[in-house]
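Enquirer: The following block contains a protein sequence and its predicted model.
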Amino acid sequence: MHLTEVEEIRSQWLALLVRYRAIAIIRAPTVAVGVAMAEAAVAGGFRLIEVAWNNAQAVAMMEAIRQALPNCIVGVGTVLTAADLQGAIAAQAQFCFTPHTDPHCIALACAHRLPIISGAMTPTEILSAWRAGSASVKVFPISVLGNGAYIRSVLGPLGPIPLVPTGGVTRETVADLIGSGAVAVGLSTALFPPAEVAAGDWAAIKARSKELLTLVSEY
């Protein structure tokens, strides 16, 4: 794939991140619960929905969410191998997050014009992912790395690489992450507390979605 094609994929993906600023990460025990989680988040303002691929029902869940919420962008996360990625492509995922950087997966995703957001921790990994063609870079796990302070530290020498911190983002850290230069964040437990999901308290999750998006929109 030519560099111009990679830049086109990046440009389209970055426009979504700048517009929406946050991705709702769905990890659910059943398809019905996954759809309800997504609906609650979308009712609160989310439009980017990530379905964890390491779930036996991931394909069915993604299809059900896409059918229920046709105005959303639905992708997958926790993609580990090329075989996983091929499955996600076949299931028509609209973006793909990985917890690691795999140049082969990046090349495969780019060949299918699928935005891939590779996971990285260190400056070397972040730069390697970006140079290989990652549409943006997932900084993971951000709660272990130092949250906003880490984002500020790496962006200084690396320049304006679009970073999406994920892994332990909380209500207390979300605004600082965006303010520190992250283009967007991935939200899981902070958006979907297990007790509320188990109780089916979708009104509480809708309210939390609005609150979290208000925090990120300040920047």
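Expert: Okay, I see it. Residues are numbered from 1 along each chain as shown.
Enquirer: which intervals of this structure have sub-threshold pLDDT?
Expert: For the chain, the stretches flagged by pLDDT under 70 are 1-3, 219.
Enquirer: Now for His104, how many residues are close by?
Expert: His104: 11 surrounding residues under other Cβ atoms under 10 Å. C-beta coordinates here come from the backbone N, C-alpha and C atoms, glycine included.
Enquirer: In this model Ala82 seems to touch it, though I could be wrong.
Expert: Yes: with contact defined as Cβ atoms under 8 Å, His104 reaches Ala82; the gap is 5.9 Å.
Enquirer: Report the buried residues of the stretch of helix or strand Gly156 belongs to.
Expert: Gly156 belongs to helix 147-158 when assigned by DSSP states H and E. Applying a neighbour-count criterion of 16 or more other Cβ atoms under 10 Å, one finds Asn147, Gly148, Tyr150, Ile151, Arg152, Val154, Leu155 buried in helix 147-158.
Enquirer: what's next to it, contact-wise?
Expert: Contact with helix 147-158 is made by 123, 126-127, 139, 142, 146, 161, 163, 165, 173, 176-177, 179-182, as judged by Cβ atoms under 8 Å, 6 or more residues apart in numbering.
Enquirer: send the alpha carbons of it over as CSV?
Expert: This file holds the C-alpha atoms of helix 147-158, laid out as CSV (Å, rounded to 0.1, in the frame of the first residue of the first chain):
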residue,chain,number,x,y,z
ASN,A,147,-1.7,8.6,32.9
GLY,A,148,-1.5,12.2,31.7
ALA,A,149,2.0,12.8,32.8
TYR,A,150,3.2,9.9,30.6
ILE,A,151,1.3,11.2,27.6
ARG,A,152,2.9,14.7,28.0
SER,A,153,6.4,13.1,28.4
VAL,A,154,6.3,11.0,25.3
LEU,A,155,4.6,13.6,23.0
GLY,A,156,7.4,16.0,23.7
PRO,A,157,10.1,14.2,21.9
LEU,A,158,8.0,12.1,19.5
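Enquirer: Fine by me, thanks again.
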